[in-house]
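> need a 3D model of the sequence below.
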Amino acid sequence: MDKVLVTCCLLGLLLYYNTLNAGFVYDDSRAILSNPDVLPSTPLLNVWTNDFWGTPLSSRSSHGSYRPLCMMAFRLDYSFCGLKPACYHITNVALYLLSIVLVAQLARALLPPGPAKLAVLFFTVHPIHTEAVAGIVGRADLLSSIFYLFSLLSYLKHIKYRSRTARHGDLYCTHSSKQRARVASKRNGKSHCNGTLIYNASNHVDETSKRKGKSHSTAVTSVYVNGGSHISDVTQVSKRKGQYNGVPYSNGTNHIGEISKRNGKVHGDGAQQTYSNGSDVTQTSKNHCNKTVLLNGASIHCNGDVLHEQSPKEYSNGDVKPKTYWNGSLHSHSLSNGTSGDTELRGLKNGCHQVNGNGTPNGLICGSMHNGSAYGDFKSFCGRNGFCNGLNGFSRKSKQFSVRLKVLEFLVKLSVSFSSCGIRKSVGNVLGRLTGAEFQERRDHVCQWGSLALTVLFASAAMISKETGVTVLAVCAVLDLIHSRRTLSFKDPTMKRSLMVMGCSGILLLLFRGYMMGSTAPTFATADNPTAKSASLFVRTATFLYLPVFNLSLLLLPLQLSFDWSMDAVPRIHSLLDRRNLFSLLFYLALYKLAHNSYRGILLEHDRKCPPPDRKCAYSVTRVECKTCKHLRTHHNMRELCACASRKSTKCRCSRKLLRRPLPLAVDRGRLLGHHQTVLVCLALTALPFLPATNLFFYVGFVVAERVLFTPSVGFCFLMALGCGLLERRSNCRIVRGLAYIVLIVFSARTVHRNRDWLDEESLYRASLRINPPKAYGNLGSVLSSQGRLDEAEHALKMALSFRPNMADVHYNLGLLYQSRHQFDDAIRSYELAIQFRSSLALAHLNLGQLLGSLGRCEEAEMVLTRCANISGEGLKDLHTHELTRISALLHLGRLHADRGRYQDAVDVYKRAVKEMPPYYQPQILYNLLGEALSRLGQVEAAEYWYQAALQAKPDHVPAHLTYGKLLARNKTRIPEAELWFQKAQKLAPKDPSVHQHFGQFLAERGRFLEAAYHLVKAAELAPTEYDLVVSAATALRQAGHGQKAEQMYRRAVELKPMESGSHSNLGAMLHLNGRYEEAIKSYSEALRLDPRDSTTLHNLEKLEKLMSRPRVKT
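Numbers count the residues shown, from 1 in each chain. Prediction:
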């Protein structure tokens, strides 16, 4: 298994290696890039009070997804590598490899070796996992599944230690020193011993000393044969001479290797009785033995002398059938050739059976199994008074049963093998060994409850990684109930206690989850889950019943996968004649049949072990078997397992045929569960994690989500592996193995190919064009538009609208595209359509208001921006973006007022924005604009306060440095301080043209034209297409006396705006000053052509004409 595990991990790494170069795609941007909870600057408490997308859980707009552990993992990645996507993908792949290891451990515990290896391989290569691994947001499913598996494995450990602790309770139920050993003094040359001897089976009885003469001992001895393990390893008991008293006892965990021959007369000299739970034993008279052998709670009362053997009995056919008697108490008959014979039980009192006068048992022989063979060996007890034993054990394994009877015979004979000195020595050894056993018991007790605590802890971690993780407690409960059905431990108080702890923990976790989510349920858009919004009960019921079938088809044949299954990707069922209803019916019938057959198989196994106590037996116990399928039944069993058995028919009419050869099931290997139990556990492991996504208890915000199937795929892969194991046993194993290899190869290739789709958003959306065309085309158009591929983007957006015309996001993106092309009318129309289909889309209002303002339609822009600022965010999916958009609308509304000279209105709007802004909003721009508006109103002190607030919010905010410097420059006494702020801004942004522009203007106002010209020319070089900067640089050069350079700058201005009259006028003036009159006249003439009423140009042209009309003085 270790080789297979290493192979699977290497295979998983190889399959998902191509995801390491992927970027942030789809939901990754919203969950990581735009989520403030990922940033270290956000308080850690916010992670535990916000949902997965950064919205407070108390808000009505919250998505309701509470996953703080996943967000903590994102913060950890951010602390190491910032926003580099490779680090996040490496973490996802590492978590996936860890999940493979845990799945392998779970498969090893539940499945046979062959199917376990195949199940891990199926899980490793299944393409349904690509979204959870390749998409960074899928980390929530990875973490939840990992803790899910940890919780299951911890509960398996809990069951193991609980069973071991229960055996300790049976073995060491009498621990007081008085019950351990009591040694009597020697009297009249005879050794008398009255004590309790408990033999610890982890040790060996090597040899007792030989004693001569007659020795008597009176001992109260406890015999325990543990039902949970085999009897073994009492290596040898030495030969004894004379008469022996006493019974040694074994806990039944060791094998008896060799029993020495005994000579002489054996008789009991005292009362020997097995007891449990500290029951007291009283001594009876000598020369009579009243023995009770307790097998894990079921007692055999034997009256008479010690066990002895009678001569074998010959049958008429020549076979020899030896009889082994428990002195009239227990008879076991087995044919020497191994064929099954009769089994009789006599002399039982207070048990499951009543014996007829002729010695034939008139009652049930009940049997039970525990952790081992399916043939009813002495391994457990059913909890009733009476000897418990499997019917099939007597019929099909009577030879093994005879061996166990000989073991019991040996235990009783060994009771007379110790002398008084031997008892003293044995008691001393046992007392020393008992200390280690007590330590083992206490350690197992601590491990039992520690593993249960870990189960609850891991379940809690799974739930706060993703909500479906809480279902692991239900899976653990189902596992325990099925396991108890196998071990017949329904009345075990420790099991009930475990289930009570699991139930209370689940209730507390659900209450905690409900408390964190608040009293309001999350709301979703109609497009997210259209069926939930349907008014027809039939449509909702039929469609929701079909969705599990569709998810199963994705697990069986994962060829068509999509990043999103919303809208109409899975069409709703509107008619009863829809063929998908037939698929749903067949699916639920098959599911019921599988569960029913598995449960029926468990009942059949249970009946073979121990029939119900209230079923009365009208017949003696006789076994018959079907000659066709070898299916055993008993006359007292009222179920018609084999109708042909009693009629001696050759045709099999069994209601449930058994396989001719045993399958490689867990029960055959002594594992935790049998085949039928394993099937039910795998069904629970598949269905229960998927249960919250079925819309059965509440509506969810998706139709189908591939990453939701990550945890259920564990149980599905187990079922696939079990099915392959069955097919391999029933048919040609080479064909089945070949088909399994083909499936693994196809799944691996599909996984690698699907990983390529998740490399970037364009490939992801193109891969889903056929599955969900409106959503895929809409997202693809947005991506292409951001890349500058406007023609392709326009085509994609229009294709999306052709499938679904009411998509507001698509209309908004199309408006952005038209606006970038300066198609303002089309852009305005698209924005209005987006607002029409979704009035709460604040981004459409904001962009429409900005566009109207830039077009000079200020009144309309003011109205749109005001409406945008008043939109409520209740029930919106992305409250974070909505609140940012509202504040941005107020900011642009204030600028609109300031540009129109309404500074007081601008101040009022800015102050409202300050009051309503969310805590994650970056306020430095708002503070700076507010300070600038106040400075225009002459409120210098208030303006300075807000400038300083802007610098405090963001010390490297360059606009605040510039505006604060301009404010200080108004005060002549603070001019040096103002220059320092300009210089700080220059150091922060040396390549920012606005910094050089404002600094140059400040220097020009101070009359430092040469320095001003340097900074303004620098600004023009950094932004060569900015007309205002070029004109300012030319003016500064002219003022600094650099006429030729100024002329060049003016020519550049003319090139930038050839239709601007001021450009030609300024160039003419510069040519005029440089003495190039003819060119100056042309420039003036062009300026007057563009603006005939330009007084400055007319005045300069008049001056130039007068200058040119003057006669030149000849020299």
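
> going forward, measure contacts between C-alpha atoms and count neighbours the same way
Noted.

> look up how far Val743 lies from Tyr16.
Distance, Tyr16 to Val743, by Cα to Cα, to the nearest Å: 18 Å.

> neighbour count for these two, which is higher?
Tyr16 (23 against 16; other Cα atoms under 10 Å).

> quick one, what contacts Ala943?
By Cα atoms under 8 Å, 6 or more residues apart in numbering, the residues touching Ala943 are 930-935.

> and what of Lys157?
Applying Cα under 8 Å, 6+ apart to Lys157 gives the contacts 448, 451.

> tell me which element it is part of?
Taking DSSP states H and E as the criterion, Lys157 maps to helix 139-171.

> pLDDT of that helix, averaged?
Average pLDDT, helix 139-171: 84.

> which stretches of the protein have low pLDDT?
Applying pLDDT under 70 to the chain flags residues 1, 166-439, 485-491, 519-522, 605-672, 1110-1115.

> in it, which spans are strands?
Under the criterion DSSP state E, the chain contains strands at 233-234, 255-256, 290-295, 298-303, 308-309, 313-314, 320-321, 323-325, 330-333, 343-345, 623-625, 632-634.

> and for the closest residue to Ser505 other than its chain neighbours, the neighbour number?
The shortest distance from Ser505 to any non-neighbouring residue, by Cα to Cα, 6 or more residues apart in numbering, is to Val456 (6.8 Å). A count of nearby residues for Val456, using other Cα under 10 Å, gives 23.

> likewise for the one 10 residues further on?
Using other Cα under 10 Å, Lys466 has 25 other residues around it.

> cool, Tyr515 as well?
12.

> what do you get for Asn847?
Neighbourhood size, Asn847 [other Cα under 10 Å]: 23.

> next one: Leu589
Count around Leu589 with other Cα under 10 Å applied: 12.

> make a markdown table out of the contacts of Ala943 and add neighbour count.
Shown next, in a markdown table, are those (neighbours: other Cα atoms under 10 Å):
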| residue | neighbour count |
| --- | --- |
| Leu930 | 28 |
| Gly931 | 30 |
| Glu932 | 27 |
| Ala933 | 25 |
| Leu934 | 21 |
| Ser935 | 20 |
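
> max pairwise distance over those: which two?
Greatest spatial distance in these: Leu930 and Ser935, 8.6 Å, computed using Cα to Cα.

> I'd like the distance between the closest residue to Arg707 other than its chain neighbours and Ser163.
Distances taken as Cα to Cα, 6+ apart place Ala132 nearest to Arg707, at 5.0 Å, with adjacent residues excluded. Taking Cα to Cα as the measure, Ala132 falls 37 Å from Ser163.

> ok, now Arg895?
Applying Cα to Cα to Arg895 and Ser163 gives a distance of 76 Å.

> try Ala943
In this view, Ala943 and Ser163 are 77 Å apart by Cα to Cα.

> tell me which stretches of the stretch 751-900 of the chain form helices.
Per DSSP state H, counting those that start in this stretch, the stretch 751-900 of the chain carries helices over the ranges 761-766, 773-786, 790-803, 808-820, 824-837, 842-854, 858-869, 879-899.

> what do you get for the stretch 951-1100 of the chain?
Using DSSP H, counting those that start in this stretch, helices in the stretch 951-1100 of the chain cover 958-969, 975-988, 993-1005, 1009-1022, 1027-1040, 1043-1056, 1061-1073, 1077-1090, 1095-1109.

> format those as JSON lines; extra columns: distance to Ala104 and mean neighbour count.
What follows is the helices of the stretch 951-1100 of the chain, written out as JSON lines (distance: least, Cα to Cα, whole Å; neighbours: other Cα atoms under 10 Å):
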{"stretch": "helix 958-969", "distance to Ala104": "57", "mean neighbour count": "23"}
{"stretch": "helix 975-988", "distance to Ala104": "56", "mean neighbour count": "18"}
{"stretch": "helix 993-1005", "distance to Ala104": "62", "mean neighbour count": "22"}
{"stretch": "helix 1009-1022", "distance to Ala104": "62", "mean neighbour count": "23"}
{"stretch": "helix 1027-1040", "distance to Ala104": "69", "mean neighbour count": "23"}
{"stretch": "helix 1043-1056", "distance to Ala104": "70", "mean neighbour count": "20"}
{"stretch": "helix 1061-1073", "distance to Ala104": "78", "mean neighbour count": "24"}
{"stretch": "helix 1077-1090", "distance to Ala104": "83", "mean neighbour count": "20"}
{"stretch": "helix 1095-1109", "distance to Ala104": "88", "mean neighbour count": "15"}
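
> residues contacting the closest residue to Leu69 other than its chain neighbours?
Spatial nearest neighbour of Leu69, chain neighbours left out: Ser465 (5.3 Å); criterion: Cα to Cα, 6+ apart. The contact partners of Ser465, taken as Cα under 8 Å, 6+ apart, are 66-70, 140-141, 143-144.

> one more time with 6 Å
Residues near Ser465 by Cα atoms under 6 Å, 6 or more residues apart in numbering: 67, 69-70, 140, 143-144.

> how close does it sit to Ala1004?
From Ser465 over to Ala1004 the distance is 61 Å, taken as Cα to Cα.

> please apply the same query to Leu896.
Plainly put, Leu896 is 29 Å away from Ala1004 if you go by Cα to Cα.

> ok, Leu934 next?
25 Å.

> again with Met72
According to Cα to Cα, Met72 stands 53 Å off from Ala1004.
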